[in-house]
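[1] need a structure here:
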Amino acid sequence: MRRSAAVLCGAAVVMAGSLTAVPADASTPRTAVAASATKVTWKKCGTAGHPTLQCGSVKVPLDYAHPSGRKITLALSRVPHTAKTSQGPLLVNPGGPGGSGLSLAGFVASSLPKKVAAQYDVIGFDPRGVGRSSPTLDCKPGSFKPVRPDSVPSAPAIEKANLARAKSFAAACGKKYASVLPHINTVNAATDMDSIRRALGAKKINYFGYSYGTYLGAVYAKLFPDRVRRLVLDSIVDPTGVWYEDNIRQDYAFEARQQAFLAWIAQHDSTYKLGTDPAGVEARWYAMRAALAKKPAGGKVGASELEDTFIPGGYYNGYWPYLAQAFAAYANEKKTAPLVEAYKSLAAVDASGDNGYSVYAAVQCRDTPWPRDWRQWRKDNLAAYTKAPFMTWNNAWYNAPCAYWPVSAKRPVNVANGKLPPVLLFQATDDAATPYEGGVTVHRLLRGSSLVVEQGGGNHGITLSGNACLDKHLATYLTNGKVPRGHGVADAVCRRLPDPKPSASASAASAAPTGGARGAALHDLVRFRG
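    Got it, this is the predicted structure:
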């Protein structure tokens, strides 16, 4: 999905009546929200990598319309400031929805320049339902246990089997969490952030979000514009397409990244020996997929699991050498072990993944309306599949529980905002998970914002990942609030990092990742689907 930052200026149009500025949950009186949070008691929980890390928690209402009712607990982490003068709390979120933010605090604090990090209390948090927060959602443990039905519904029986999985997951969520699901959504997560702000004793917060975290940050800014001090959004969700349309757009963007990956393999035929023609390499990849659909590798990697394994390559090209090695081992030598190991490293879903997916579904299915007629899904995804076969049906089944979700949907938030201080936005032109148009759209919706573009970059999550140009803009903004100002769509443009060098490595850890160790660490935190 190659687009030029200099020429792409068309943003999605916000249709009148399709968005709501103040959802029902957002109408809770400020006094109720203000009185809803307890103070935080911090305890040492340092690690070898982050020795000053502290942990705590805060209780907030499950239902902000009834602040004196049932309480839930949000887990927090903190790397405290060390400078004489503090710029206040910097809340960080890795995306998802469903991603845990506790580890991100240590990563951000250690990746920012020391003089910058020293000025902030970097605060990580697990949103409601996630990780160490309580209650923790896990609708149907083992839902992604291999081997799943083929994602492509080439026969009625396959479609029926996948539909049964989606319906079963939605029903399990409704049965297990009937009293909780109505309150798992982005507006409540954003209101939780304001409860955290109050518990920290801060008049305003600074916020730094990746991926879905950009939508969460934009919604917070809409609900509480006077409580935003600084706002950084990296790899930006298009708020005018949440969530059904955005997922369809992802399919095309991931197709482009898969094509880029296949072309990269062809360029390095001397290492991988899969051919010098990208089309020929693609044919061999689909031949591998067809073979695995008949006989899963190691009894674990069928066609759907193969897609799961290669989708992370669309998020981060640092995985390309590792994935190419596994592909070559199977295609050239019929070795299944590298492919199974790649699946275990990049795609296998454990208990944490079950939790993350449960929250992902709960938030996305509740946030906005989804088609309730499966025939509409079939029509739209068949159309996308003809041009974007790599991820279309895999993505459709990942989101399919929303067609049968047991809780009614809200309307999306119109995040347009003219009441904020300067906001700093980061976007790669070839990002697959959050395509470039989303960054352009949010740049227009947040008046006075500044857009920094990584030209030709295809990774998802681009700051603090090894690009010195991007990181300089981030450090300047967090230091003094200054943003670049340009005359085109982008206020500043940075060159992308080079693609990784080929490797015959047999492990993800030893592959040569783009951005080095820091890039690999970031993408381990933000690669959660969504």
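[2] for the helix or strand containing D194, packing partners?
    If you go by DSSP states H and E, D194 is part of helix 186-199. Helices and strands touching helix 186-199, by 3 or more CB pairs under 8 Å, 6 or more residues apart in numbering; DSSP states H and E, are helix 30-34, strand 54-61, strand 71-79, strand 89-93, strand 121-125, strand 205-210, helix 212-223, helix 351-367. The way it works is simple: take the backbone N, C-alpha and C, and place the C-beta from them, glycine included.
[3] can you give me how far the fifth one is from the chain middle?
    In this view, strand 121-125 has its centroid 18 Å away from the chain centroid, taken as CA atoms, centre = their mean, to the nearest Å.
[4] what do you get for the fourth one?
    Here the centre of strand 89-93 is set off from its chain's centre by 16 Å, with CA atoms, centre = their mean.
[5] Within its sheet, name the partner strands of that strand and how each one runs.
    strand 121-125 (parallel), strand 205-210 (parallel) (DSSP bridges).
[6] closest to C139 out of the ones you listed?
    Judged by CB to CB, the one of these that comes nearest to C139 is strand 121-125, at 21.8 Å.
[7] Do me a favour and average the pLDDT over the closest one.
    Averaged across strand 121-125, the pLDDT comes to 98.
[8] what about the spatially closest residue to P412 that is not a sequence neighbour, neighbour count?
    Leaving aside its chain neighbours, P412 sits nearest to T368 (4.5 Å; criterion: CB to CB, 6 or more residues apart in numbering). When neighbours are defined as other CB atoms under 10 Å, T368 has 23 of them.
[9] got the contact list for V453?
    Taking CB atoms under 8 Å, 6 or more residues apart in numbering, we find V453 in contact with A5, F426, Q427, A428, T429, Y436, G439, V489, A490, A492, V493, C494.
[10] And those, which is closest to G519?
    A428 (12.9 Å).
[11] And the nearest residue in space to that closest one that is not next to it in sequence, what's its pLDDT?
    For A428, ignoring the flanking residues on the chain, the nearest one in space by CB to CB, 6+ apart is G457 at 3.4 Å. Reported pLDDT at G457 in the predicted model: 98.
[12] My reading is that G457 is in a helix; is that accurate?
    No. G457 sits outside any helix when classified using DSSP: H, G, I helix; E, B strand; the rest coil, being coil.
[13] so who does it touch?
    A428, T429, D430, D431, N467, R496, L497.
[14] where's it relative to F169, distance?
    Distance of G457 to F169, computed by CB to CB, to the nearest Å: 34 Å.
[15] same check, this time on H473
    Counting by CB to CB - H473 and F169 are separated by 41 Å.
[16] Y436 too?
    Note on Y436: its distance to F169, by CB to CB, is 32 Å.
[17] the more surrounded of the two?
    Y436 (26 against 21).
[18] What segments of the chain are strands?
    43-44, 54-61, 71-79, 89-93, 121-125, 205-210, 228-234, 423-428, 450-455, 492-495 (DSSP state E).
[19] Is it possible to get CSV of these that adds distance to T386?
    Shown next, in CSV, are the strands of the chain (distance: least, CB to CB, whole Å):
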stretch, distance to T386
strand 43-44, 55
strand 54-61, 46
strand 71-79, 44
strand 89-93, 36
strand 121-125, 42
strand 205-210, 32
strand 228-234, 32
strand 423-428, 26
strand 450-455, 30
strand 492-495, 34
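[20] among these, which is nearest A383?
    The minimum distance between A383 and the strands of the chain falls on strand 423-428, with 26.4 Å, by CB to CB.
[21] wait, isn't K387 in contact with F254?
    No. Counting by CB atoms under 8 Å, K387 does not reach F254; the two are 11.7 Å apart.
[22] neighbour-wise, which of those two wins?
    More crowded of K387 and F254, by other CB under 10 Å: F254, with 26 against 10.
[23] what's the spacing between that one and P278?
    With CB to CB as the criterion, F254 and P278 are 16 Å apart.
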